[in-house]
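In: Make a model of this:
(one chain, ligands or ions: 1)
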Amino acid sequence: MPAKIISGTQIAGQIREDLQKEIAGLKEKHGVIPGLATILVGDDPASGIYVGQKEKSCRNLGIYSKRVDLPAETSEKDLLSIIDKLNKDPQIHGVLVQLPLPEHIDEYSVICAIDPDKDVDGFHPVNVGKMMLGKRCFIPCTPHGILELLLRSNIQTEGAEVVIVGRSNIVGKPILNLMLQKRPGGNATVTICHTRTKNLEFHTKRADILIAAIGRPKTISGDMVKEGVVVIDVGVNRVGKTPEGKSILSGDVDFDSVKEKAAAITPVPGGVGPMTIVMLMKNTVEAAFLNRGRKSEVREQ
Ligand code: NAP
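Out: Now for the predicted structure:
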């Protein structure tokens, strides 16, 4: 039977509704409007689109959005000084630097310069360490979104064989950590695969839940999965253009062959992508609570 489609667009809509109430409450009770600063260095078109989507999402929710566009030749010192100002700006609760950065700027130094309490991307080593320990922190938006997709679709993770393909710091490794935690959405037995994995298919065929974060179109085909698997396709690959000049997107999963065997699957677009953006909004609202000193309002991890 063809798979159930897990709609990230729909689930993100539900989360946005909840956020609207939280934002209204923050404003009414505390006079606080959550604020997000996004910094874009250079003119990479894909990064420009991502920053634009984040700004639009802020506008739609009533979150104050400050966009800082910097030329590609900006020095690391100047970028660090801008981050320092934003760290101290009381109107800004979340600071996000769009990655990748130009080669002359050290990404790690930049991530470390963001105040961990404003690190709504969840990439600062303090947040990464806390996440691993299962403590309260900002969780990176894409893995956080994947977890919400599973939870809100009532997918049982406890005792499930989860196989992740891809070990990046922003997707593969954090989702591995989250699904190991002793809490809802966790308690799974997790395997992580990468380019040095000897027999990828051996692992993908064992998966009750398969998460593909590879960055190569249609790497996972129907003959690599078992009947009844739940598939989360993180991949966003631009594989061509429509006659109108719009990008044609493909996931890391061959949707047509995998959907015939899967119990449930996320589409691309409309799966993980909208969840990533809404989780950024959620982290920004949590940062606004946190920076009000109302730590009890911030979700316990
Ligand atoms: P990345 O940093 O390039 O990591 C890709 C991972 O896949 C690496 O660990 C790599 O292994 C592994 N890999 C590549 N080819 C493989 C193969 N043939 N077999 C097994 N493993 C393979 O990518 P990323 O940043 O995690 O992103 C992954 C994809 O998700 C991209 O398409 C990206 O655009 C997308 N993405 C989407 C969202 C969203 O919101 N929807 C957010 C983030 C990323 P090695 O480590 O051995 O090289």
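In: How about the residues of the stretch 51-200 of the chain by the ligand?
Out: 142, 165-168, 170-172, 193-197, 200 (CB under 6 Å from any ligand atom). (Each C-beta comes from the backbone N, C-alpha and C, glycine too.)
In: Select from those the one having the most neighbours.
Out: Within these, most neighbours by other CB atoms under 10 Å means residue 165, with 28 neighbours.
In: can I assume residue 35 is in contact with residue 95?
Out: No. Using CB atoms under 8 Å, residue 35 makes no contact with residue 95, being 9.6 Å away.
In: residues contacting the most centrally placed residue in the chain?
Out: Nearest to the geometric centre of the chain sits residue 142, at 1.6 Å (CA atoms, centre = their mean). Contact analysis of residue 142 by CB atoms under 8 Å, 6 or more residues apart in numbering lists 170, 171, 213, 234, 272, 275, 276, 279.
In: same thing but at 7 Å, please
Out: Residue 142 is in contact with 170, 171, 234, 272, 276, counting by CB atoms under 7 Å, 6 or more residues apart in numbering.
In: Can you pick out the most distant pair from the residues you listed?
Out: Longest distance between any two of the contacts of residue 142 is 12.1 Å, between 170 and 272; criterion CB to CB.
In: what about residue 55, distance to residue 89?
Out: 17 Å (CB to CB, to the nearest Å).
In: As TSV, the residues of the stretch 51-200 of the chain next to the ligand with pLDDT and secondary structure would be great.
Out: Below are those laid out as TSV (pLDDT from 0 to 100; DSSP: H, G, I helix; E, B strand; the rest coil):
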residue	pLDDT	secondary structure
142	98	helix
165	98	strand
166	98	coil
167	98	coil
168	97	coil
170	96	coil
171	98	coil
172	98	helix
193	98	strand
194	98	coil
195	98	coil
196	98	coil
197	98	coil
200	98	helix
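In: Out of the residues you listed, which is nearest to residue 84?
Out: residue 170 (23.6 Å).
In: With neighbour numbers in mind, choose between residue 35 and residue 95.
Out: residue 95 (28 against 23).
In: Tell me the strands beside the helix or strand that the more buried one is a member of, with direction?
Out: According to DSSP states H and E, residue 95 maps onto strand 94-97. Using DSSP bridges, strand 94-97 pairs in its sheet with strand 35-41 (parallel).
In: For residue 279, which residues are in contact?
Out: Applying CB under 7 Å, 6+ apart, the residues contacting residue 279 are 141, 144, 145, 148.
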